[in-house]
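**Q** Kindly return the folded structure for what I paste below:
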Amino acid sequence: MNSTDTTDSTHVTDIIDTHCHVIAEDQGRYPWSPIGGKASAWATSRPVTAEGMAGHMDEAGVQRSVLVQATTAYGYNNSYVLDSRAAHPDRFIAVGTFDPLAPDAPARLATAVTEQGLAGVRLFTSGSTVPTQGEWFAAPESYAFWSAATELDVTVCLQMRLGPATRQLAEVLERFPGVRVLLDHIGYPDVAGSPSQAGKEVAELADHPNLYLKLTHRNLEPLHAAGEEAIEFLSPVVDAFGAGRIAWGSNLPAAEQSLTELVGLARTVLAPLPATAREEIFAGTARRLYPSLAG
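**A** Numbering: from 1, shown residues only. So this is what the prediction gives:
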């Protein structure tokens, strides 16, 4: 990786946050129904409304944000992210959680994208409140959904953990080469255990040209802790995927830091990369994943 162009490393000004969550104050209008039956601790202890998120964006210098459904609060009810997008179309687009196994999944997906305004969908197969990694996202019953996502040209965010289910991920990517899959938190690679080994394992997935990586504080915090060894992860991953297939997301407010601090964390960790790579990760990739951001 050519890392010689590092001038102004902390001054990328075009920033799009591809992964943040909002929680409404009105639980009567937006009732909770978390997947797995358990709400995440952050949703109750430090919720952020859409209006609050816009304020944090102004403070941090973030122009646009992708509101990713707070699955561990609202489950499959995407009403709040859709209403928030409608209220602030100049700041937000919406990604909603989706059930690909529903018998009418293709029709529901078409309605969600073409009529309701979802820019992308999220499959929540594992997470803080769903500790067992599900493999249902690659079941034959999901094939109609994946075909519809390909036809609709919609980005699918996949919340999963790399490991045994990586094989199912590869099967989906190979069976449906026309669909864009954005891997939330890069699938939680074990950076803390070994940056170089984690980087090698992630880089091997780059052979699937329809796979994109979402780099969040879940990855940036252990990379920051790794110090100079962080480049042993970043270098093979960026070399293999190219910065044009990597997008930054804050994960606010699941992340405890402020948005300004999370932007600063990303700037610091990504400083060794060329300026052109940082520009892609902070904004360019997001606009290709979600064409509605291009304006």
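
**Q** Point out the other helices and strands that the helix or strand residue 43 falls within packs with.
**A** Here residue 43 sits within helix 41-45, counting by DSSP states H and E. Contact partners of helix 41-45 among helices and strands, from 3 or more C-beta pairs under 8 Å, 6 or more residues apart in numbering; DSSP states H and E: none. All C-beta atoms are positioned from the backbone trio N, CA, C, and that covers glycine.

**Q** So what touches that helix?
**A** Residues from elsewhere that reach helix 41-45 (C-beta atoms under 8 Å, 6 or more residues apart in numbering): 21, 23, 32, 34, 70, 72, 73, 128, 253, 254, 256.

**Q** One more: stretch 238-247?
**A** Outside stretch 238-247, the residues that touch it by C-beta under 8 Å, 6+ apart are 1, 16, 18, 182, 202-204, 206, 211-215, 237, 273, 276-278, 280-281, 284-286, 288-289.

**Q** Just the buried ones from those?
**A** Buried members of these, counted by 16 or more other C-beta atoms under 10 Å: 16, 18, 182, 202-203, 206, 211-215, 237, 273, 277-278, 280-281, 284-286, 288-289.

**Q** So which of the contacts of helix 41-45 are in helices?
**A** Among these, the members found in helices (DSSP state H) are 72, 73.

**Q** Return the item of the contacts of helix 41-45 having minimum pLDDT.
**A** Scanning the contacts of helix 41-45 for pLDDT, the low point is residue 128. It has 71.

**Q** picking that back up, dump the helix or strand just after the helix holding residue 43 to PDB, restricted to CA.
**A** Next helix or strand after helix 41-45 toward the C-terminus (DSSP H and E): helix 50-60. Extracted C-alpha coordinates of helix 50-60, given in PDB (Å, rounded to 0.1, in the frame of the first residue of the first chain):
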ATOM      1  CA  ALA A  50     -33.200  12.100  14.800                       C
ATOM      2  CA  GLU A  51     -33.100  15.800  15.800                       C
ATOM      3  CA  GLY A  52     -30.400  15.100  18.300                       C
ATOM      4  CA  MET A  53     -28.400  13.200  15.700                       C
ATOM      5  CA  ALA A  54     -28.600  16.200  13.300                       C
ATOM      6  CA  GLY A  55     -27.100  18.300  16.100                       C
ATOM      7  CA  HIS A  56     -24.300  15.900  16.700                       C
ATOM      8  CA  MET A  57     -23.600  15.900  13.000                       C
ATOM      9  CA  ASP A  58     -23.300  19.700  12.900                       C
ATOM     10  CA  GLU A  59     -20.800  19.600  15.800                       C
ATOM     11  CA  ALA A  60     -18.700  16.800  14.200                       C
END
